Each structure stands twice: as structure tokens, then as C-alpha cells.
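Novice: give me a model of this one.
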Amino acid sequence: NREALKARLEWNEQSYAREEDEPDNELYILLLEEAATGRIGGSAMLFSRLGVRWPFYSYKVARLSQFSAELNRTARLDVLHLVNDFNGASEVGGLFLHPDLRSSGFGGLLARSRYMFIAMHRRRFASRILAELRGRVRDDGSAPFWDGLGGKFFGMSFQEADRFNSQHGNQFIADLMPKYPIYTALLSPEAQDTIGQPHDSGVPAMRMLEKEGFSFTGYVDIFDAGPTMVADTDRLRTVEAAQTLPISEIGGGGAESHTGFAAAGERTEFRAWRTASRLTEQGLVMPPEEAALMRVKQGDKVIYVAS
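Specialist: Below is the predicted model:
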């Protein structure tokens, strides 16, 4: 939908242009660019605060135990609660990488560039951050969880609901979704099996998020029941490890492999890259070609994260 895309790009431009350094309803889009050619290889997004334009809904999976003395039997059941627990939190998402680049390590750069952006603009983001993973869907694009629950109340397919949500927000969820807890035992076995499970293609992303400090705490997406991964922003691996260092020297020639990640520039000038710099007591020694390409010079300060 070109109008929805246009609105999102305008939202992105307004967010970058905003000078106040506090959390607000902002969207930041980052693009992976091949510097020599300008070719775009992927994208990533950050939302600074959820639940501003419309409520952010999740299902919280809770375990309920009930005991019958007459039967001497305990029943343990999972229950879904519709919640707004992440209103005000930040989110990372929109991670897409061209298939040709998926075995070259650029996925790590693209993913971690988001956390380096946060480290450089920390006051713009909340204390808690989440990432939603795509849930399990069938080959025809339908979702067992949606068919077993949401579809019964909305009269539309999973794809139609997902598209409507992306263009118009999810107020329709609040209007029509049942307000009472849902016992998962009432759903089909196929729908139950998808709760909290990522799509096969999302398993590597889940492992990357776990390495970064995210964990699954029982929250799932209301459409496909994919897992919502949650972390404390300040405890993210990249944010914790980020050092602000001067470039103490330009020289030394290029290294055969990168030593970590670096970032420079604020807001629209932000750029992150895999660096071949050497870490010394005085700061970073950066190869000349890298410094020229990234438009930094001796004495400039950059954010550095070791591999």
C-alpha cells in the first residue's frame, strides 16, 4: 500500500528531524547500503514508544492450576489474557536482509546497528524494549492461531487482518476481540502448537535476539501467536558494551578481518559499519580507507563495540 508506505516514510523523516532528546512517538528506519555503489541490501526499524497512536495489544500466556478433591485430580491449563503491558516500551523490528547477503555476516551488522543507534540516542528510548517475531503460518499464508481464535470474531483472513492493522492500527481489536481470558484448550491442537513458536525462518533471528539479551516471557502476538522477546534496554549486550572512543590515529593499513562495529554521527548523520580498527590505550587506530569512506578523521569520537 503506497499511501501507508508514504505515511511511514514521512513519520520517519519527522522523527529524525525532531530535536528534543526525549522518548516520543517516533519511527527510525535504517538502511544497509553498499557504500561504493549505493545499492540497498536491507532495512531495520526502531519505534521509540509504543501505544501512543493506538494501544499495543498482546496476549499474555498464564498457567492456571485447579484441583478437585473429589476426583483427586489437578488440571493445569494455559490461559490467554489480552493486555496492554507494553504501552510506553520501545521496539526493534522491520529487519529485512536481501537473500544474497544472508551468509555474509551483514545480518549481524544490520541488527546491531539498531542497538548502536539506541546507545548514541539513549534518551529517546524507553527502559524496556521488545521485538516481535513472526509466528507460524501455513504455506498458503494463513495462520492456524488466527483461524482458531481471532478469525472467528472478525470475519476476515489472517492476511486481511494483518494488512488492515498495518494501515489503520489495531483499534478494531479492542472493538471486537473478546475481553475475557481464553482457555487454550478450547483451540484446535494445530492452533495450540503455534503459541509462542517462531516461524522456521525466524529461528535464527530469535537466537540473535537471545544473544543480545532478549528473552521470551510468555507474551505472544494477537494475530499469529509468534513470541514477543523482551529486554531491559540498558542491559542489551551492544548497549552495555558500547564505548565512546576517540580516533587516535589514521593509519596502519587495512586489517584482514573486522575487529568489531563502529558508529558515528547523530540522527540523519548516523552511520554504523564493521570496523577494522585496532583498539589501543589512546583510542582507535583506523585504516585510512575506512576513515575516508565513513567520513571521520583523527580526533573524532565514535562508538565502538568489539566483536
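
Novice: tell me where the model's unsure across this protein.
Specialist: Applying pLDDT under 70 to the chain picks out residues 23, 168-171, 253-257.

Novice: and stretch 244-254, what's buried?
Specialist: In terms of neighbour count (16 or more other CB atoms under 10 Å), stretch 244-254 has its buried residues at 245, 247-250. Placement of C-beta: from N, CA and C, glycine included.

Novice: any chance you could map the strands in the stretch 1-150 of the chain?
Specialist: Remark: strands assigned in the stretch 1-150 of the chain by DSSP state E, counting those that start in this stretch are 27-33, 40-47, 58-68, 73-83, 90-97, 128-132.

Novice: quick one: strands adjacent to the first one?
Specialist: When you say that, I think you mean strand 27-33. Next to strand 27-33 in the sheet, as set by DSSP bridges, lie strand 40-47 (antiparallel).

Novice: can you list the buried residues in the strand it pairs with?
Specialist: By neighbour count on 16+ other CB under 10 Å, the buried set for strand 40-47 is 41-42, 44-47.

Novice: alpha carbons only: can I get stretch 43-59 in PDB?
Specialist: Extracted in PDB, the C-alpha atoms of stretch 43-59 (Å, rounded to 0.1, in the frame of the first residue of the first chain):
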ATOM      1  CA  SER A  43      16.400  -2.400   6.300                       C
ATOM      2  CA  ALA A  44      15.700  -2.200  10.100                       C
ATOM      3  CA  MET A  45      13.400  -0.100  12.200                       C
ATOM      4  CA  LEU A  46      13.100   1.300  15.700                       C
ATOM      5  CA  PHE A  47      10.000   2.500  17.400                       C
ATOM      6  CA  SER A  48      10.800   4.800  20.400                       C
ATOM      7  CA  ARG A  49       7.500   4.400  22.200                       C
ATOM      8  CA  LEU A  50       4.600   2.100  21.700                       C
ATOM      9  CA  GLY A  51       0.900   2.700  22.500                       C
ATOM     10  CA  VAL A  52       0.800   6.400  21.600                       C
ATOM     11  CA  ARG A  53      -1.100   6.400  18.300                       C
ATOM     12  CA  TRP A  54      -3.200   3.400  19.300                       C
ATOM     13  CA  PRO A  55      -3.000   0.700  22.100                       C
ATOM     14  CA  PHE A  56      -0.400  -2.000  21.700                       C
ATOM     15  CA  TYR A  57      -2.100  -5.400  22.300                       C
ATOM     16  CA  SER A  58      -0.500  -8.700  23.200                       C
ATOM     17  CA  TYR A  59      -1.700 -12.000  24.600                       C
END
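
Novice: could I get the buried residue list for it?
Specialist: Applying 16+ other CB under 10 Å to stretch 43-59 flags 44-51, 54-59 as buried.

Novice: which ones are touching the spatially most central residue of the chain?
Specialist: Among the residues of the chain, the one closest to the centroid is residue 92, at 2.5 Å (CA atoms, centre = their mean). By CB atoms under 8 Å, 6 or more residues apart in numbering, the contact list for residue 92 reads 44-47, 114-115, 129-131.

Novice: how much space separates it from residue 51?
Specialist: 16 Å (CB to CB, to the nearest Å).

Novice: if you compare the strands of the stretch 1-150 of the chain, which one is most tucked away?
Specialist: strand 128-132 (a mean of 23; mean count of other CB atoms under 10 Å).

Novice: show me what that strand is packed against.
Specialist: If contacts are counted by 3 or more CB pairs under 8 Å, 6 or more residues apart in numbering; DSSP states H and E, strand 128-132 sits against strand 90-97, strand 227-232.
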